[in-house]
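Engineer: whatever this is, show me its structure:
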Amino acid sequence: MEREGLGEAVVGRCMSSYVDQGSTESHRYYLSRRTAMEMLRDRGFSVPASDLALTLPEFRVIHGPIVDYDRLRFSVTHRSDPSKRIMVIFRGHGVVKVNDVRSIASQIVNKDSLTGLILILQNQMTNPAQKALDLLPFKVEIFQITDLLVNITKHVLKPKHRILTDEEKQKLLKKHSIQETQLPRMSRKDAIARYYGLERGQVVKVTYSSEITKSHITYRCVW
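Structural biologist: Down below sits the predicted model:
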């Protein structure tokens, strides 16, 4: 935008610059942290409503323009089984190496009570670092920060997914006189399987809805 005055052009600010004065990095941390909380809530963990409702401006007031990723970590316990506790840890731009894994492990308090760890990375991880993670006494899940910028379960085109209980799974197999290996498959690397932290053998009820097909239900077994 330009306006002329006193014989010279004055260049004004682009309109888009008024939308968001914060850094792109802090925005990415905010989005990924919120999605991680929604993901754990959908897995049955207790996540404070105030944390889920935190706005981007409020996040920036708390964490400032340059986010200290160590301050973003949080842990939650399962609503129906308090013995289950998961911790979420963020990492910066550097490649994650063995020493980083050792540093992460040293910062975890009460390792014996931890049943899961989620690492949210901005870079890759070396093979030795991955092997070091495999030695930890709890399940470790790794997400790139770009995986969590959007909650995939909220997409309008995504069908509804519901994880069956063991009892519901057995009833389904008995009803149709089939084995779980005869069900359509879902890879553990599937985005939905990773979102819900599904394990091999779990069955997901998938409900498709559209104006053309109305409602269609299928079941998929994780492998």
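Engineer: CA only for contacts and neighbour counts going forward, please
Structural biologist: Will do.
Engineer: I'd say D42 and I192 touch.
Structural biologist: No - D42 lies out of contact with I192 (C-alpha atoms under 8 Å); the separation is 11.6 Å.
Engineer: look at those two and report which has more neighbours.
Structural biologist: Applying other C-alpha atoms under 10 Å to D42 and I192 shows that I192 carries more neighbours, namely 17 against 14.
Engineer: got the contact list for that one?
Structural biologist: I192 makes contacts with I152, T153, as judged by C-alpha atoms under 8 Å, 6 or more residues apart in numbering.
Engineer: roughly how far does it sit from L135?
Structural biologist: Note on I192: its distance to L135, by C-alpha to C-alpha, to the nearest Å, is 26 Å.
Engineer: which residue ranges of this protein form helices?
Structural biologist: 24-42, 49-52, 56-63, 98-107, 127-134, 166-176, 191-196 (DSSP state H).
Engineer: comparing the ones you listed, which comes out most buried?
Structural biologist: With neighbours defined as mean count of other C-alpha atoms under 10 Å, the helices of the chain peak in mean count at helix 24-42, which reaches a mean of 20.
Engineer: avg pLDDT for that helix?
Structural biologist: Taken as a whole, helix 24-42 carries a mean pLDDT of 96.
Engineer: just the C-alpha atoms of that helix, please, in CSV.
Structural biologist: Provided in CSV are the C-alpha atoms of helix 24-42 (Å, rounded to 0.1, in the frame of the first residue of the first chain):
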residue,chain,number,x,y,z
THR,A,24,6.0,-18.8,12.9
GLU,A,25,7.9,-21.1,15.2
SER,A,26,5.8,-20.2,18.3
HIS,A,27,2.7,-20.7,16.2
ARG,A,28,3.9,-24.2,15.2
TYR,A,29,4.7,-25.1,18.8
TYR,A,30,1.2,-23.8,19.9
LEU,A,31,-0.6,-25.9,17.2
SER,A,32,1.4,-29.1,17.8
ARG,A,33,1.0,-28.9,21.6
ARG,A,34,-2.7,-28.3,21.3
THR,A,35,-3.1,-31.3,18.9
ALA,A,36,-1.0,-33.5,21.2
MET,A,37,-3.4,-32.6,24.1
GLU,A,38,-6.4,-33.4,22.0
MET,A,39,-4.8,-36.6,20.9
LEU,A,40,-4.3,-37.7,24.5
ARG,A,41,-7.7,-36.6,25.6
ASP,A,42,-9.2,-38.8,22.8
